[in-house]
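Enquirer: need a 3D model of the sequence below.
(chains A, B, C and D)
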Number of protein chains: 4
Amino acid sequence: MGEHLHEHAVVPRTDEEKDKVMNRLKRIEGQVRGIQKMVDEDRYCVDILVQISAIQSALKNVGYTVTERHMKHCVTDAINKGEGEDSIEELMAVLKQFSK
Amino acid sequence: MGEHLHEHAVVPRTDEEKDKVMNRLKRIEGQVRGIQKMVDEDRYCVDILVQISAIQSALKNVGYTVTERHMKHCVTDAINKGEGEDSIEELMAVLKQFSK
Amino acid sequence: MGEHLHEHAVVPRTDEEKDKVMNRLKRIEGQVRGIQKMVDEDRYCVDILVQISAIQSALKNVGYTVTERHMKHCVTDAINKGEGEDSIEELMAVLKQFSK
Amino acid sequence: MGEHLHEHAVVPRTDEEKDKVMNRLKRIEGQVRGIQKMVDEDRYCVDILVQISAIQSALKNVGYTVTERHMKHCVTDAINKGEGEDSIEELMAVLKQFSK
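Expert: Numbering: from 1, shown residues only, chains lettered A, B, ... in the order given. This next block holds a predicted model:
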């Protein structure tokens, strides 16, 4: 993935930050397993769709948290160094992919 | 979840159908775990966002498969019994939730 | 546009249905003109984004109304004639395009 | 709309920038009128949905242009003044509204 501007977060995530995101990702992992169980038990399609939509929304929230942190650290840092343009264009590209 | 019209798929999913959806959900589960690893390794925010967006898109595809099957079986069945309205309104409600 | 299954709504829209959708589309047209004015007056980007997002949401609602009507008339009609599959696949294709 | 950080774009839009966005908004206005005509002529629902989805996508592109400009001028300016946090949080709020 050498295609992006960095390999790592410019300002390392604190343990607290990591824990928070991690907990949400573990919950999402559990939700995905929950849907597998529903499919296995041949549950009603609409109930499955409701669960998929709950995961979508949980993932979106993780995405927002990561994006906000990215702007407050990596993008801000780039702007302070006079290298804002590249960083902003990189972010725009991923935002466009997101809302597809 | 007695709020929806059925507890189970009206026409049971075949093993092949289950396997197909199951494989996609297992891959998604693996992708979610992959993001956990990225967070743990303090990887670059944009790389994490790209992965989240890949999962979103994989989940959306599972959603489409479930929706199409739902229309071809449950909704079609309801319409054939003259009970299409309720089934369509139930589906519309979940589609609206989806695109939020 | 001969690519789709029909040229016209299978069951003609009533005047009341037309009026309702029409009023919403006229309001949307007015909102689009409102944004033109904001751009012309060099208004703050965030205010413009809020307005764009209001139009997106109004358009989505028109889309839901059209989709629901389509299922209750055209798709139901096709299913009753035993031609449900094509109609459902056509609808799925447009739903996928929508959420892009 | 005194709720946001500014009344006007921090760096005024050039005539070229205005023209570009304006042309796209005029095209979108035309597309909205086109849908009104389709409704009036009782055109097939799926054709109408395809048009609505084309407008959604055109509006999204205007939104991206405005967002990118906003980051390159207003947000960058705020960060340079040491007032980045508020500006980033304001932008995040509107991005969340967008993808609803």
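
Enquirer: all helices of chain A, in order?
Expert: Here chain A has its helices, by DSSP state H, at A:15-40, A:45-70, A:76-80, A:84-98.

Enquirer: quick check, pLDDT for the residue most central in space within chain A.
Expert: Nearest to the mean C-alpha position of chain A, by C-alpha atoms, centre = their mean, lies A:Gly63 at 2.9 Å. A:Gly63 carries a pLDDT value of 96.

Enquirer: how about the contacts made by A:Asn61?
Expert: By C-beta atoms under 8 Å, 6 or more residues apart in numbering or on different chains, the residues touching A:Asn61 are A:Arg24. Placement of C-beta: from N, CA and C, glycine included.

Enquirer: and the residue nearest to the centre of chain A, how far from B:Ala58?
Expert: 14 Å (C-beta to C-beta, to the nearest Å).

Enquirer: what's the neighbour count on A:Thr76?
Expert: 24 (other C-beta atoms under 10 Å in any protein chain shown).

Enquirer: how much space between the residue nearest to the centre of chain A and chain D?
Expert: 9 Å (C-beta to the nearest C-beta, to the nearest Å).

Enquirer: that residue: what's its closest spatial neighbour, skipping adjacent residues?
Expert: B:Ile52 (4.8 Å; C-beta to C-beta, 6 or more residues apart in numbering or on different chains).

Enquirer: repeat for A:Gln97
Expert: Nearest to A:Gln97 is B:Ser53, by C-beta to C-beta, 6+ apart, at 5.0 Å.

Enquirer: hmm, A:Leu95 and the one you found touching each other?
Expert: No: counting by C-beta atoms under 8 Å, B:Ser53 does not reach A:Leu95; the two are 9.3 Å apart.

Enquirer: which residues of chain A lie near chain D?
Expert: Neighbours of chain D within chain A, by C-beta under 8 Å from any C-beta of the partner chain: A:60, A:64, A:67-68, A:71-72, A:75-76, A:79-80, A:84-85, A:88-89, A:91-92, A:95-96, A:98-99.

Enquirer: now do 10 Å
Expert: Residues of chain A found near chain D (C-beta under 10 Å from any C-beta of the partner chain) are A:57, A:60-61, A:63-65, A:67-72, A:75-80, A:82, A:84-85, A:87-89, A:91-93, A:95-96, A:98-100.

Enquirer: ok, now which ones touch the residue nearest to A:Gly63?
Expert: A:25, A:28, A:59-60, A:62-63, A:66-67, A:94, A:97-98, B:31-32, B:35, B:38 (C-beta atoms under 10 Å, 6 or more residues apart in numbering or on different chains).

Enquirer: ditto for A:Ala93
Expert: Going by C-beta under 10 Å, 6+ apart, A:Ala93 touches A:4, B:46, B:49-50, D:64.

Enquirer: and A:Glu3, by the same measure?
Expert: Here A:Glu3 is in contact with A:90, B:46-47, B:50 (C-beta under 10 Å, 6+ apart).

Enquirer: among these, which one lies nearest to chain D?
Expert: Nearest to chain D among the contacts of A:Glu3 is A:Glu90, at 11.1 Å by C-beta to the nearest C-beta.

Enquirer: wait, isn't that closest one in contact with A:Met71?
Expert: No: A:Glu90 lies out of contact with A:Met71 (C-beta atoms under 10 Å); the separation is 11.5 Å.

Enquirer: comparing these two, which residue is more hemmed in?
Expert: More neighbours surround A:Met71 than the other of A:Glu90 and A:Met71, with 26 against 22 (other C-beta under 10 Å).

Enquirer: these two touch, right, the more buried one and D:Val75?
Expert: Yes: at 7.8 Å, A:Met71 and D:Val75 qualify as touching, with contact defined as C-beta under 10 Å.

Enquirer: quick check: neighbours shared by the two?
Expert: Listed as contacting both A:Met71 and D:Val75 by C-beta under 10 Å, 6+ apart are A:79, A:88, D:84, D:87-88, D:91.

Enquirer: those residues: which ones sit near chain C?
Expert: D:87, D:91.

Enquirer: need the helices of chain A in CSV with distance to C:Glu17, can you?
Expert: Formatted as CSV, those follow (distance: least, C-beta to C-beta, whole Å):
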stretch, distance to C:Glu17
helix A:15-40, 37
helix A:45-70, 26
helix A:76-80, 51
helix A:84-98, 35
